[in-house]
Every structure is written in C-alpha cells, then in structure tokens.
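[1] Give me the fold of what follows.
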Amino acid sequence: MTIEGRIDRRALLAGIGVAAMAPRGVVAAAVGAPLVLAAASLQESMTAAADAWARKGRARPVCSFAASSALARQIAAGAAADLFVSADEPWMDDVEKRGLIVPGTRAAFLGNRLVVVRPKGARGDAGPRVPLARLLGGGPLALADPDAVPAGRYARASLEALGAWDAVKARVVRGESVRAALAFVERGAAPFGIVYATDARASTRVEMVRVLPDSSHPPIRYPLARLKASASPDAEPFRRFLLGGEGRAIFRRFGFLPL
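    Predicted coordinates for the structure are as follows:
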C-alpha cells in the first residue's frame, strides 16, 4: 500500500488492519489509548501485554502487527503512532536517523532465536546428522523477505555462515513478514521454513526440527522506542511497563529471551 503525506491515527487503523486484529470494542474504546506498531512476531505476546495493562484500569493499547520494514515505512510516511517495536536494530536506526523517535526512549527490549520448522507430522529424517544444505535444498524454503524483513535477513546471514545459502537461494519463497513465511509451512506450500523460535511455539501446525546457532547471524534484538508523533498520555507509562519486570515476564512466557 502506497501512503503519501501524513497519516492520521484513524487512517492508520484502517490502512494496516488494526481494527481487524483488535478484540471487539477495542477500536471504539481506543481514543487516547497508545497505538503500538510492533513486529509481526510479537502478536500473541504484545496482545497479552496490552491485556495486562488494561486490567490495571488503563485504556487498552491498540496494537498493529506487520513486518518491521513495513512499519518503519509507515512511520517515515507520517504515521501518528505512539510506540514502535522493531525486530532488529537497523529498522529502528532508520526511524531514529529521520528524527522520529523521542530522544532517550530507545531501549533494547527482547531477544529471540532462529529455528527451522516443517509441517507437523511430516516424514523424513531432519535430524542433526543431515547437512543443512541437503535438508533445505530439495524444495521451496519459506523465509521472510531476506532483502527487507529482519527475520529473513537473519536467516540469510545464518545460511551464508553455515554454507547453505547457495543451495537454497533459488528455491526461497518470500513472505512479507515472518508470520507469512510461517503460514507457507503451515499450509504445506513449503516443506521447510526458517522463523523465530517464538513463531514456532505459537503454531500448532508446525514442528521445530533445528535451532540455528546464535553465532551464525547478528544478535536478534528487538528495540523499543516512543515516537515523536505520540499523542497518548499513556504512551510513556506503557513503554515503561513493557520494559519493567512485569512486562518482561509476559514476553518471557511466550519464549522471548531477556537481554
């Protein structure tokens, strides 16, 4: 979707699907609530954090999930959001270089791991004795777009470091986000995919067959920051909640790693 000029809060809600993903009544009650733009891999965990915040009697944050690349472009186009959680540092760097985050509010937030998944119940030896290039090189391999989306960039770096990229690059099926890559595997459109460990954990339709070494790719870090476009009085309190012990415990419950 091409967006020109400044995007107001209502247009953002309609344009990137917040209303479709939010529980009933959230959008109607969202006046003054923080609008959080979060990486697609945070769907379950950030939703749980928003629910926990609402249980404190605060306006429930409205969450929009997409690839970090897409969200960063929305912010650059003038999205009137409050918080941004990227799945990597480079997309947050891009937003910060444009002068769009509040100084002093950027913080390293969460970590994750990369895993190879396949449809649950699939047959065939996928154990550690099978070389990675042979395991993944025989058919489509689902990845988030390795040219733009953090999960795909981490995956390509790992495959290059492990000597498997040349065997798979011609067979990569690109998803617009890590959840799109996961969906290819869930539907059986690809026999294998590389996603975050938290994505594999969130799905009942795939099984994890291999964990890729942390040393084979840049550290997976999710930075969090408040945006200068923020208008919600709850934006900063919610940011602090996410970074605090109670907030971090929620994300650990969903498999994210502390930094």
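
[2] Residue 108 falls within a helix, correct?
    No - counting by DSSP: H, G, I helix; E, B strand; the rest coil, residue 108 is not found in a helix; it is strand.

[3] contacting residues around the closest residue to it other than its chain neighbours?
    Using C-beta to C-beta, 6 or more residues apart in numbering and skipping residues adjacent in sequence, the residue nearest residue 108 is residue 259, 4.8 Å away. Backbone N, C-alpha and C define where each C-beta goes, glycine included. By C-beta atoms under 8 Å, 6 or more residues apart in numbering, the contact set of residue 259 is 108, 109, 110, 111, 221.

[4] Bridged to the third one, which residues?
    Same thing as residue 110. residue 222 (DSSP bridges).

[5] which of the contacts of residue 259 count as buried?
    Neighbour counting by 16 or more other C-beta atoms under 10 Å classes 109, 110, 221 among these as buried.

[6] tell me the least confident of those?
    Comparing pLDDT over the buried ones among the contacts of residue 259, the lowest score belongs to residue 109 (94).

[7] check contacts around that residue.
    So residue 109 contacts 85, 221, 222, 223, 224, 242, 243, 259 (C-beta under 8 Å, 6+ apart).

[8] Relative to residue 257, how far out is it?
    Distance, residue 109 to residue 257, using C-beta to C-beta, to the nearest Å: 11 Å.

[9] Residue 131 too?
    Counting by C-beta to C-beta, the gap from residue 131 to residue 257 is 27 Å.

[10] Neighbour count for those two, which is higher?
    Counted by other C-beta atoms under 10 Å, residue 131 and residue 257 do not tie: residue 257 has more neighbours, with 16 against 13.
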